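>>> Curious how this folds, go ahead:
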Amino acid sequence: MMTEFDLGGVYVSPFFVTLLLAFPVYLLCRGILVQFGVMARLWYPPLFEVGLFIIILSAVTALV
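Just a heads-up that it's a prediction; the model follows:
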């Protein structure tokens, strides 16, 4: 079971730590999709980006 992390006397939720781990992975995936032109072909890119981040966040949470 994950517990809180102490950062300078402030307790931080383990979910926040997984958010920080998932964000660079999301940026990498998003950059690759933009590079290959996938993002330009989507109907509503912001909705896709939210879904992509949730999928990556779920995967990071499962791995941690």
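>>> which stretches of the protein form helices?
Secondary structure of the chain by DSSP state H: the helices cover 14-35, 45-63.
>>> could you check the angle helix 14-35 makes with the last one?
Interaxial angle of helix 45-63 relative to helix 14-35 (axes from the mean of the first three to the mean of the last three C-alpha atoms, to 10 degrees): 130 degrees.
>>> Would you mind pulling up the elements that helix 45-63 packs against?
Helix 45-63 makes packing contacts with helix 14-35 when contacts are defined by 3 or more C-beta pairs under 8 Å, 6 or more residues apart in numbering; DSSP states H and E. For the C-beta atoms, the positions are set from N, CA and C on the backbone; glycine is no exception.
>>> Quick check: which of the helices of the chain is nearest to Thr3?
The stretch from these with the least distance to Thr3 (C-beta to C-beta) is helix 14-35; that distance is 6.9 Å.
>>> ok, and what's touching the closest one?
When contacts are taken as C-beta atoms under 8 Å, 6 or more residues apart in numbering, the neighbours of helix 14-35 outside the stretch itself are 2-5, 39, 49, 52-53, 56-57, 59-61, 64.
>>> Spatially central residue in this protein, please.
Closest to where the C-alpha atoms of the chain average out (C-alpha atoms, centre = their mean) is Ala22, at 3.4 Å.
>>> Before we move on, what's the pLDDT of Met1?
We note a pLDDT of 60 for Met1 in this prediction.
>>> what's the spacing between the residue of the chain most remote from its centre and Phe16?
Ranked by distance from the centre of the chain (C-alpha atoms, centre = their mean), the top residue is Gly9, with 25.7 Å. Noted for Gly9: a distance of 16 Å to Phe16, by C-beta to C-beta, to the nearest Å.
>>> For PyMOL, write the select line for the buried members of the contacts of helix 14-35.
When burial is assessed using 16 or more other C-beta atoms under 10 Å, the buried subset of the contacts of helix 14-35 is captured in PyMOL by this command:
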select buried, resi 49+52+53+56+57+60
